[in-house]
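S.K.: Test case, fold it:
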Amino acid sequence: MKKTGLTMALALMLGTALAGCAENDQNTKDNGEEKLKVYTTIFPVQDFTKKIGGDAVEVESIYPANADAHTFEPSTKDMVAMAEGDAFIYSGVGLEGFAEKATETLKSEEVKIIKAGDGIELADASHDEENHEEHANEESHDEHTDEEDHAEHADEESDHEHADGDAHDHGDKDPHIWLDPALSIQMAENIKNGLIEIQPESKDKFEKNFETLKSDLEKLDADYKETIDAADKKEILVSHAAYGYWEERYGIQQISVLGLSPTQEPSQKQLQSIIETAKEHHINYIIFENNVNSKIADIVKTEIGAESLTLSNLESISEEDAKNNEDYFSLMERNLETLRTALSK
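M.R.: Now for the predicted structure:
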């Protein structure tokens with residue numbers, strides 16, 4: 001573990017003795033060799049890195065339990081830790097609003113930056129998502145016509161200080177690539193290649209672990225195809241439009257109450273359209289998420305008389321799931337069980 005000018009300066013700001021972390025025994029393998037210290041963002045990236053890295057890598061996500069990847073901002077302490085690490089791995093597809101700025105700082109500290117989603121062609125957002133963004137823009141224009149200068153200044157400050165505009169970062173593209181097991185193979189391969197660059201002496205181990213992960217992802221993909229092909233219907237009503245890749249891969253049609261970002265809420269007209277569409281397709285369930293809450297989704301549930309189900313978008317996991325040692329596959333299998341119920345008559 002290295003000690004850099006940035007981390008020394010930030011350590012002084014925090015008033016913490018961070019230098020000692022460099023000698024932490026947890027970063028040393030049983031054979032006395034130093035482990036790679038890697039920081040990650042979303043849960044699938046963390047889990048894939050652990051599975052590929054094995055005992056050669058110590059992996060830690062900077063996201064707390066139930067974090068919303070769309071809005072999370074790292075603390076100064078987080079940045080100190082990341083600058084002390086050997087690598088920072090994130091999706092790189094516009095989801096983590098803070099990441100692009102953070103990586104510029106980390107590169108100067110000789111931290112290896114790995115984009116798990118590098119080279120993956122992102123799917124277009126759904127039509128509903130485009131309507132959410134268009135409505136949001138129209139409302140913003142209508143409400144702030146007399147305060148354009150103030151709004152423009154506020155937007156600039158928001159872009160500088162916050163990541164809550166991440167939906168605009170990924171624009172009309174869907175960043176939730178890890179929910180597609182086939183695309184997850186490419187994510188895992190990018191992670192594997194990055195780890196090999198940092199620690200080439202562990203190449204054989206990384207390659208072997210990757211092949212095991214790839215095989216498991218291929219089986220999961222087959223399970224999803226088989227289950228959804230046999231389903232009574234293909235429409236699901238979800239609170240958050242995170243499942244576009246299931247549309248492309250498996251033929252599911254998601255009807256979403258919110259947009260790609262949970263902050264993108266529908267207009268009254270769009271809300272009524274969602275309710276009518278749900279009734280038209282005889283939707284019996286509305287699917288919520290463990291880290292996304294919405295009063296509007298509750299309204300839809302009441303209007304159509306639907307029961308509640310839960311999906312995990314895997315951006316982060318709960319404290320309970322972490323304690324139970326849940327991984328990408330156990331959560332995706334749980335999601336598949338939810339789909340079996342939601343797609344039944």
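
S.K.: what sits up against whatever helix or strand Thr341 lives in?
M.R.: Take DSSP states H and E as the rule and Thr341 turns out to sit in helix 328-342. When contacts are defined by Cβ atoms under 8 Å, 6 or more residues apart in numbering, helix 328-342 is touched by residues 43-44, 47-48, 178-179, 181, 184, 216, 220, 223-224, 227-228, 231, 236, 252, 284-285, 287, 309-312, 314, 317, 321. Heads up, the C-betas are built off the backbone N, CA and C, glycines and all.

S.K.: Give me the buried subset of those.
M.R.: 43-44, 47-48, 178-179, 181, 184, 216, 220, 224, 228, 231, 236, 252, 284-285, 287, 309, 311-312, 314, 317, 321 (16 or more other Cβ atoms under 10 Å).

S.K.: Show me where the stretch 201-345 of the chain has its helices.
M.R.: In the stretch 201-345 of the chain, the segments counted as helices under DSSP state H, counting those that start in this stretch are 203-229, 244-250, 268-280, 295-304, 319-323, 328-342.

S.K.: Check the stretch 1-150 of the chain too.
M.R.: Counting by DSSP H, counting those that start in this stretch, the helices of the stretch 1-150 of the chain are 5-14, 43-53, 76-84, 99-108, 127-143, 148-161.

S.K.: re earlier: would you turn the helices of the stretch 201-345 of the chain into a markdown table with distance to Ala65?
M.R.: Putting these into a markdown table (distance: least, Cβ to Cβ, whole Å) gives the following:
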| stretch | distance to Ala65 |
| --- | --- |
| helix 203-229 | 24 |
| helix 244-250 | 24 |
| helix 268-280 | 30 |
| helix 295-304 | 21 |
| helix 319-323 | 4 |
| helix 328-342 | 14 |
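
S.K.: so which of these is the most packed in?
M.R.: Mean neighbour count (mean count of other Cβ atoms under 10 Å) peaks for helix 244-250 among the helices of the stretch 201-345 of the chain, with a mean of 19.

S.K.: so where's the stretch 1-150 of the chain shaky on pLDDT?
M.R.: Applying pLDDT under 70 to the stretch 1-150 of the chain picks out residues 1-33, 126-150.

S.K.: Touching, Gln186 and Lys115? I think so.
M.R.: No: applying Cβ atoms under 8 Å, one finds Gln186 not in contact with Lys115, separated by 11.3 Å.

S.K.: Report the separation between Lys115 and Pro200.
M.R.: With distances taken as Cβ to Cβ, to the nearest Å, Lys115 is found 20 Å from Pro200.

S.K.: Between the two, tell me which one has more neighbours.
M.R.: Lys115 (20 against 9; other Cβ atoms under 10 Å).

S.K.: what's the nearest residue to that one if we skip its chain neighbours?
M.R.: The spatially closest residue to Lys115, leaving aside those adjacent along the chain, is Gly92, at 2.7 Å (Cβ to Cβ, 6 or more residues apart in numbering).

S.K.: For the one you found, give me its contacts.
M.R.: Gly92 neighbours (Cβ under 8 Å, 6+ apart): 99, 115-118.

S.K.: From the residues you listed, pick the one nearest Glu58.
M.R.: Nearest to Glu58 among those: Ala116, at 17.8 Å, using Cβ to Cβ.

S.K.: For the closest one, which non-adjacent residue is spatially closest?
M.R.: Met187 (4.3 Å).

S.K.: circling back to that earlier point, any idea how far the residue nearest to Lys115 is from Glu109?
M.R.: Taking Cβ to Cβ, one finds Gly92 at 18 Å from Glu109.
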